[in-house]
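# Fold the stuff below for me.
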Amino acid sequence: MLALFVTGFLLSCIYLLPTYPDNMKMSDIQRIVVSENFYKADDAWLLKNKFGLWEMYAAGEAIDRGNKIGVLSKELIVKQEDAFVEYIKNIIPSDFMLRFLRFGVGIYNRKLGNYIPEENKEEIYAISRYASTKYGWIGNNYQRLMNYHSAHDIGHAVQLMGFAGCSAFAVWGDKTWDGSLLIGRNFDFYAGDKFAEDKILLFINPTKGYKHAFVTWGGMTGVVSGMNERGLCVMVNAAPSSIPFSSATPVSILARRILQYAKNIEEAVALAEKYKTFVSEQFIIASAEDNRAVTIEKTKNSQLVYSTSTPYMLCANHFQSEELSSKEKSETNSSQYRMDRMFELLDSTQSFTPRNMVAVLRDKKGKNGTDIGLGNENSINQLIAHHSIVFHPNSKTLWISTSPYQEGAFLAYNLHEIFDKAHNPQANGFSVDELFIPANQDFINREMANYNFYKYSVNTPVQSFNRDINTFINSNPENYRTYEYLGDYFSYTKTIDKAQEYYELSLQKIIPNENNRLKIIEKLNNIKIKNSD
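So this is what the prediction gives:
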């Protein structure tokens, strides 16, 4: 009876997976290869500039936009899904568990299509026609791309804040060089290095709503960081959340709706009220019309707007409104630590320009300028960001990071120029040379090799570790993880005294997460018990 019940429930969930949108008529369009990494399809185009950033433009109704985006970026869609599935397989190597997870996601997202507007479903469906067919065991192309739009939400819910956090801040009035609004953020959504290789800056000229631009990747039409032609900017930052038991509108889809249909803070707030999300989230809204920024703090059951009386606003991964800050507790203290560090850098900078906005986003130090090691979650720049971006809404200009990490050059784009000249794309791209912000060569020349060595080493299973100990320590001597890893290694080799020594050294460093600290203490106590035996 139990088996029949479970089987019936799972089958019902499969049949309730996202349904297709109603109007499915699409014209066949051909992709024209203009030159290497430069393609056209009707009035749409895709090109890769010399910094490795893809630029894309598409116009028209949702189904037509999706069709153009899909045919132009079909290789990127396939590559992105390969990278995502590979990352998931590294976390869950068991095929049985992966297939079980597929059913779990099916259950979780069984009514997802009910919460996504028809326009967005049409766009996603058209793009999904160009996805790979080799992952049919997960679901058909459309179902998979729909579910991927809630990857941020599902990962957030399952990990319960056990992820690296995003940092953002906005300044205006007497905190900027000209009194106008500036806002910058690091988007620290990490799904492996390959996942962040092919970033796309997508420019959309829709039939309905405002022209807009956002940072994305192959197959993704939701927004995590973007700006529209009215100078309305939207960014998403995760917040502490309880586990939801059914799907709702993915936060990236809601952010896309705001970007396309709101011109100021009031309209953005009203639009957000219309949608139910299934995790807690912060929507950072910056508006040229209002010349300020606010945060929409949204939970499964409520929505509040957090604003400041100061000419600046900061956002990490915890709620700041009086009503929600006491109710939603974070399981990590890195969010407040990063907030404190942003306040320090804010106080030490008299007047912000795009360049020193970038300097803050690149900051790798701890509070009071303490060296806490490269890649520490307490850093504003954790060296894992998918992208880093700065917006100047009044001029409709944005700056986006290029590899490596946030340390590469920041390229500038002006939305007015893009949409005015979109009919005549050039192979060298649309970035504005005069506003270019150069790479951090000091980091690239002096520190990056050591960090890459460290990163590769700590991602190697301890049983395969074969590095020189001193070389490994010197690659990142102030990061607690360096010594925790060595403790794990010597625990594996049953060199108990050494394991105890390195766990104790790890505990002397800045550890960003109380759960991490407790885990190391537990390892140390277990080692001490073995030593006493």
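# CA only for contacts and neighbour counts going forward, please
Noted.
# ranges for the strands of the stretch 401-533 of the chain?
Using DSSP state E, counting those that start in this stretch, the strands found in the stretch 401-533 of the chain span residues 410-414.
# pLDDT below threshold where in it?
Residue ranges of the stretch 401-533 of the chain with pLDDT under 70: 533.
# what does stretch 283-291 rub up against?
170, 172, 180-181, 183, 230-237, 255, 263-265, 268, 292-298, 315, 393-394 (C-alpha atoms under 8 Å, 6 or more residues apart in numbering).
# which residue ranges form the strands in the stretch 51-200 of the chain?
For the stretch 51-200 of the chain, the strands defined by DSSP E, counting those that start in this stretch cover 54-60, 167-171, 182-187, 200-206.
# Single out the most deeply packed of the ones you listed.
strand 182-187 (a mean of 28; mean count of other C-alpha atoms under 10 Å).
# low-confidence ranges in the chain?
Residues of the chain that meet the cut-off, pLDDT under 70, sit at 1-24, 91-110, 152, 154-164, 242-246, 326-333, 533.
# And the residue nearest the centre of it?
F189 (3.3 Å; C-alpha atoms, centre = their mean).
# Was I right to think it contacts A385?
Yes - counting by C-alpha atoms under 8 Å, A385 is a contact partner of F189 at 6.4 Å.
# Pull out the buried positions in stretch 437-449.
For stretch 437-449, a neighbour-count test (16 or more other C-alpha atoms under 10 Å) marks I437, A439, N440, M448 as buried.
# Start and end of that stretch, how far apart?
Stretch 437-449 has an end-to-end distance of 22 Å (C-alpha to C-alpha, to the nearest Å).
# switch to numbering from 10
In the new numbering, first residue 10, that becomes stretch 446-458.
# List of residues touching that stretch?
Contacts for stretch 446-458 (C-alpha under 8 Å, 6+ apart): R364, E416, G417, A418, F419, L420, A421.
# give the contact list for the third one.
For G417, the contact set (C-alpha under 8 Å, 6+ apart) comprises S410, T411, P447, A448, N449.
# What is the burial count for D197?
Other residues lying near D197 total 21 when counted by other C-alpha atoms under 10 Å.
# List the contacts of the nearest residue to it once chain neighbours are set aside.
Spatial nearest neighbour of D197, excluding adjacent residues (C-alpha to C-alpha, 6 or more residues apart in numbering): A394 at 4.1 Å. Neighbouring residues of A394 by C-alpha under 8 Å, 6+ apart: N195, F196, D197, F198, Y199, Y414, Q415.
# How about the backbone phi and psi for A325?
With angles defined as degrees, to the nearest 10, A325 sits at phi -120, psi -120.
# How much space separates D183 from S189?
The value you get for D183 to S189, if C-alpha to C-alpha is used, is 9 Å.
# export the buried residues of stretch 446-458 to JSON lines and tack on distance to I530?
Compiled in JSON lines, the buried residues of stretch 446-458 are given as follows (distance: C-alpha to C-alpha, whole Å):
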{"residue": "I446", "distance to I530": "44"}
{"residue": "A448", "distance to I530": "40"}
{"residue": "N449", "distance to I530": "37"}
{"residue": "M457", "distance to I530": "31"}
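# and the residue nearest to Y346 when sequence neighbours are not counted, how many residues sit next to it?
Leaving aside its chain neighbours, Y346 sits nearest to N387 (6.1 Å; criterion: C-alpha to C-alpha, 6+ apart). N387: 28 surrounding residues under other C-alpha under 10 Å.
# Distance-wise, check N387 relative to I482.
N387 is 20 Å from I482, by C-alpha to C-alpha.
# One more: F204?
Going from F204 to I482 by C-alpha to C-alpha gives 28 Å.
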